[in-house]
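# Here is a sequence with its predicted model. Questions after.
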Amino acid sequence: MDARALREFLDELKAHGQAEGHFLGLLHILIGRRIARKDGNVITQGLAWRDVAVWLKKMRWDRDAVLELGLKPEELPPRDRERYWYTVISRARVDSPAALQAADKLAAKLVELGYVVGLPPDTTPSPKT
């Protein structure tokens, strides 16, 4: 993982508002997919839940993003931000079909910003006929 590149990636997502309405997809991508720049430089091969929680805390991600997941911020750990985000991830069902769809939609938008998002785990492209 390239920490500086990941910070730039998350900064860019926040600045352009690309993650708004796609928070579940963002979680899925950060945890289970390869993220690279169009030039081939790899940002990450996927992060552990704990690492995603740490990055969301570092980036001071908007706590209200959890509303997209049907979670209520007031029902989550209020003081420990890392624990807050870890709890969110554990409740988000990042392995669900809905998360996969949300990630695919976000991945398409990330192409516009110059990023390439890999396929989800256990997915192989279908052969062309």
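Received, thanks. Residues are numbered from 1 along each chain as shown.
# Could you measure from Arg83 over to Ala103?
Counting by Cβ to Cβ, to the nearest Å, the gap from Arg83 to Ala103 is 24 Å. Bear in mind the C-beta positions are built from the backbone N, C-alpha and C, glycine included.
# What of Val116?
Distance from Val116 to Ala103, by Cβ to Cβ: 13 Å.
# Looking only at neighbour counts, state which of those two leads.
Neighbour totals were compared for Val116 and Ala103, and Ala103 leads with 25 against 16 (other Cβ atoms under 10 Å).
# SS state for that one?
Under DSSP: H, G, I helix; E, B strand; the rest coil, the three-state class of Ala103 is helix.
# Ok, Glu74 next?
From three-state DSSP, the assignment for Glu74 is helix.
# From Lys57, how far out is it?
Counting by Cβ to Cβ, the gap from Glu74 to Lys57 is 18 Å.
# okay, the two: which has more neighbours?
Lys57 (16 against 7).
# Now do the residue lying closest to the more buried one once chain neighbours are set aside against Ala107, distance only.
Using Cβ to Cβ, 6 or more residues apart in numbering and skipping residues adjacent in sequence, the residue nearest Lys57 is Arg81, 4.2 Å away. Look at Arg81 and Ala107: by Cβ to Cβ, they are 27 Å apart.
# More neighbours: which of the two?
Using other Cβ under 10 Å as the criterion, Arg81 and Ala107 rank with Ala107 on top: 21 against 18.
# ok but the more buried one is inside a strand, no?
No - per three-state DSSP, Ala107 lies outside any strand segment and is helix.
# Surely Trp61 and Trp85 touch.
Yes - at 7.4 Å, Trp61 and Trp85 qualify as touching, with contact defined as Cβ atoms under 8 Å.
# out of those two, which sits in the busier spot?
Trp85 (25 against 21).
# So the more buried one is in contact with Leu56, correct?
Yes - between Trp85 and Leu56 there is a contact under Cβ under 8 Å: 4.3 Å.
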